[in-house]
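**Student:** Provided below for reference: sequence and predicted model.
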Amino acid sequence: MAQYVGAVDQGTTSTRFMIFDHAGEEVARHQLEHEQILPRAGWVEHDPIEIWERTSSVIQQAMNKADVTAADLAAIGITNQRETTVVWNPKTGRAWYNAIVWQDTRTDRIASKLERDGHGEVIRRKAGLPPATYFAGGKIQWILENVDGVREAAERGEAIFGTTDSWIIWNLTGGTDGGVHVTDVTNASRTMLMDLETCQWDDELIALFDIPRAMLPEIRSSSEPQGYGTTLTKGPVRGEVPLTGILGDQQAATVGQVCFEPGEAKNTYGTGNFMLLNTGTELVRSEAGLLTTVCYKFGDEPTVYALEGSIAVTGSAVQWLRDQLGIISGASQSESLARQVEDNGGVYFVPAFSGLFAPYWRSDARGAIVGLSRYNTNAHLARATLEAICYQSKDVADAMYSDSGVKLEVLKVDGGVTANELCMQIQADVLGVEVSRPVLAETTCLGAAYAAGLAVGFWASTDELRSNWNEGRRWSPQWDDAQREAGYTGWKKAVERTLGWVDVD
């Protein structure tokens, strides 16, 4: 009998494969980074072939580490960077263009024109999203309009679209030899093309972007008892295993954090930060700059929705300190450097490299470091970077309270940045609430595994999953109210300095 469930996590900077046992404990993992392609300011791309090669490799390596075969796996789940857009030829398996990453801002003219032409409200009402560079619909339109031959190829059935979950599943299930072209409701809800009420592609929304409907994958549930297909004997798994779970990365983390009841929330700290609040089967329209999105859909059960606050640059700001400024040699050094000072020394860093996402939605913003004096050192900048992660999360938490009326009592956190204990202490100080990290901080992969395992009966119910969750560390606020208010006032002043920096037609 199969003892394990596997999960692919195809993320913004790396891809990993993890294997879990019935207790939700990690058995093995392997992870590889992929190249960040930056052709010009505001453009961010990935090579889809490299992503598939990395995915294939991490699956093989993790299974080898654990001495696991296909027969040992009950199912495999997929989780992914959500809005990143791939358009490829299903007859050749080659991408028509590099994947356009969710952080990319080249579609700002498309988004602003939709708003200017009065289509913004239609998109908000049907898709739950504002017209923004973040989402996939504008990226597909850009490829159709700017890459020679793609529109004509799409009409011939030789150009299809998917977020990276679709790309990985298509390859795992045969690629040019019968690969399955599917996605799930959580990923589809990030395109500006799906109606949240029906959870199907919407003709009116598709027409706004002038996208041939035949390009789009079939939308399925997040946990699919019938499966989306099986891996192939000749593929990286080296055997047939059902693919039964798909969740966008932030929804996967919500499931991994077992936030199954309305009012439960989590915050994932990765390349960006993403806070999700489960609103149950009620579709809550945000008035405070949040996104209304699908949280998950398990089999034939009703769709569960969420409010989401998406922040573009958090962990990637630490990467910027390492890769562009060279003031740290690794992410962990940001903590030791920041600990050299007691506070930010009056310095605020707003990392609006891709504009500002929730709750501002300002594509005209750009990054700014303010409050500098001769007194300040690289340690103050490191501290300001960690504080920026936490202040952006406060912006979102305040917007969630405004929309839902639910007061945050404890914030569940996960993701790579949570290994930075100083950052988590600052988060508790800035919010004024306790911050709780589970034993397994990489809950994104775990959530995808849960979705896949539920579909095949590896886990019987969400109640069983709750029993797997264990707290690893908790941080309590140490700032008083006056310190908290003064810090946040300075942050808001810094945000104002970033606005209107670039002109958007």
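**Tutor:** Arrived safely. Numbers count the residues shown, from 1 in each chain.
**Student:** what about the helices in the stretch 351-500 of the chain?
**Tutor:** Assigned by DSSP state H, counting those that start in this stretch, the helices in the stretch 351-500 of the chain fall at 378-404, 421-431, 443-455, 462-466, 481-498.
**Student:** looking at the ones you listed, which is closest to residue 289?
**Tutor:** Residue 289 lies closest to helix 378-404 among the helices of the stretch 351-500 of the chain, at 5.5 Å (C-beta to C-beta). (Glycine included, C-beta is placed from N, CA and C.)
**Student:** starting at the chain centroid, how far to that closest one?
**Tutor:** Centre-to-centre, helix 378-404 and its host chain are 18 Å apart (C-alpha atoms, centre = their mean, to the nearest Å).
**Student:** Angles on the backbone of residue 99, please.
**Tutor:** As for residue 99, its main-chain torsions (degrees, to the nearest 10) stand at phi -60, psi 130.
**Student:** All further residue positions should be reported with the first residue as 244.
**Tutor:** With 244 as the first residue, the last one maps to residue 342.
**Student:** State whether it and residue 328 are indeed in contact, as I suppose.
**Tutor:** Yes - using C-beta atoms under 8 Å, residue 342 is in contact with residue 328, at 6.3 Å.
**Student:** which parts of stretch 589-603 are buried?
**Tutor:** 590-603 (16 or more other C-beta atoms under 10 Å).
**Student:** Could you report the neighbour count for residue 314?
**Tutor:** Counted by other C-beta atoms under 10 Å, the residues lying close to residue 314 total 12.
**Student:** ignore the last one, residue 665
**Tutor:** Other residues close to residue 665 by other C-beta under 10 Å number 17.
**Student:** my guess is it meets residue 628, correct?
**Tutor:** No - judged on C-beta under 8 Å, residue 665 makes no contact with residue 628 at a distance of 11.1 Å.
**Student:** Could you report the neighbour count for the nearest residue to residue 549 once chain neighbours are set aside?
**Tutor:** Distance criterion C-beta to C-beta, 6 or more residues apart in numbering; nearest residue to residue 549, sequence neighbours excluded, is residue 538 at 3.8 Å. Neighbour count for residue 538, taken as other C-beta under 10 Å: 29.
**Student:** ok, now residue 310?
**Tutor:** For residue 310, using other C-beta under 10 Å, the count is 9.
**Student:** try residue 588
**Tutor:** Using other C-beta under 10 Å, residue 588 is surrounded by 17 other residues.
**Student:** Helix, strand, or coil at it?
**Tutor:** Classification of residue 588 using DSSP: H, G, I helix; E, B strand; the rest coil returns coil.
**Student:** wait, isn't it in contact with residue 621?
**Tutor:** No - taking contacts as C-beta under 8 Å, residue 588 lies outside contact range of residue 621: 11.1 Å.
**Student:** Pick the one among the buried residues of stretch 589-603 closest to residue 295.
**Tutor:** Closest to residue 295, out of all of the buried residues of stretch 589-603 and judged by C-beta to C-beta, is residue 597, at 25.1 Å.
**Student:** Helices along the stretch 294-443 of the chain, start to end?
**Tutor:** 351-359, 363-370, 379-389, 393-398, 407-415, 428-431.
**Student:** Now render these as JSON lines, adding mean pLDDT, mean neighbour count and distance to residue 547.
**Tutor:** What follows is the helices of the stretch 294-443 of the chain, written out as JSON lines (pLDDT from 0 to 100; neighbours: other C-beta atoms under 10 Å; distance: least, C-beta to C-beta, whole Å):
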{"stretch": "helix 351-359", "mean pLDDT": "93", "mean neighbour count": "18", "distance to residue 547": "28"}
{"stretch": "helix 363-370", "mean pLDDT": "94", "mean neighbour count": "18", "distance to residue 547": "17"}
{"stretch": "helix 379-389", "mean pLDDT": "97", "mean neighbour count": "22", "distance to residue 547": "22"}
{"stretch": "helix 393-398", "mean pLDDT": "96", "mean neighbour count": "17", "distance to residue 547": "33"}
{"stretch": "helix 407-415", "mean pLDDT": "97", "mean neighbour count": "28", "distance to residue 547": "19"}
{"stretch": "helix 428-431", "mean pLDDT": "97", "mean neighbour count": "29", "distance to residue 547": "10"}
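**Student:** and of those, who's closest to residue 611?
**Tutor:** Going by C-beta to C-beta, the one of the helices of the stretch 294-443 of the chain nearest residue 611 is helix 351-359, 18.6 Å.
**Student:** Which other helices and strands does that closest one contact?
**Tutor:** If contacts are counted by 3 or more C-beta pairs under 8 Å, 6 or more residues apart in numbering; DSSP states H and E, helix 351-359 sits against helix 379-389.
**Student:** Tell me which other helices or strands the helix it packs on touches.
**Tutor:** strand 328-331, strand 342-343, helix 351-359, helix 393-398, strand 403-406, helix 446-452.
**Student:** possible to save the ones you listed as CSV with distance to residue 281?
**Tutor:** Formatted as CSV, the helices and strands packed on helix 379-389 follow (distance: least, C-beta to C-beta, whole Å):
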stretch, distance to residue 281
strand 328-331, 17
strand 342-343, 12
helix 351-359, 17
helix 393-398, 22
strand 403-406, 20
helix 446-452, 25
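**Student:** Would you mind saying which of those lies nearest residue 719?
**Tutor:** Comparing the helices and strands packed on helix 379-389 under C-beta to C-beta, the one sitting nearest is strand 403-406, at 38.3 Å.
**Student:** where does the chain have low pLDDT?
**Tutor:** Residue ranges of the chain with pLDDT under 70: 244, 747-748.
**Student:** For residue 279, which of the helices of the stretch 594-743 of the chain is the nearest?
**Tutor:** helix 621-647 (18.3 Å).
**Student:** What are the buried residues along that closest one?
**Tutor:** The neighbour-count check on helix 621-647 (16+ other C-beta under 10 Å) flags 622-643, 646-647 as buried.
**Student:** now stretch 290-298
**Tutor:** Those would be 291-298, for stretch 290-298 by 16+ other C-beta under 10 Å.
**Student:** Same question for stretch 648-667.
**Tutor:** Applying 16+ other C-beta under 10 Å to stretch 648-667 flags 649, 651, 654-661, 663, 665-667 as buried.
**Student:** What is the nearest of those to residue 316?
**Tutor:** Nearest to residue 316, judged by C-beta to C-beta, of the buried residues of stretch 648-667 is residue 657 at 23.7 Å.
**Student:** which residues does residue 488 contact?
**Tutor:** Going by C-beta atoms under 8 Å, 6 or more residues apart in numbering, residue 488 touches 250, 318-321, 465-467, 691-698.
**Student:** Recalculate using a threshold of 7 Å.
**Tutor:** Contacts for residue 488 (C-beta atoms under 7 Å, 6 or more residues apart in numbering) come out as 318, 320-321, 465-466, 691, 694-695, 698.
**Student:** returning to that earlier point: looking at this, the residue nearest to residue 549 is in a helix?
**Tutor:** No - the assignment for residue 538, made by three-state DSSP, is strand rather than a helix.
**Student:** where does it sit relative to residue 305, distance-wise?
**Tutor:** 28 Å (C-beta to C-beta, to the nearest Å).
**Student:** re earlier: just the buried residues of stretch 648-667: which are in strands?
**Tutor:** Counted as lying in strands by DSSP state E, out of the buried residues of stretch 648-667, are 654-657.
**Student:** can you redo those residues as CSV with distance to residue 490?
**Tutor:** Shown next, in CSV, are those (distance: C-beta to C-beta, whole Å):
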residue, distance to residue 490
654, 21
655, 17
656, 18
657, 14
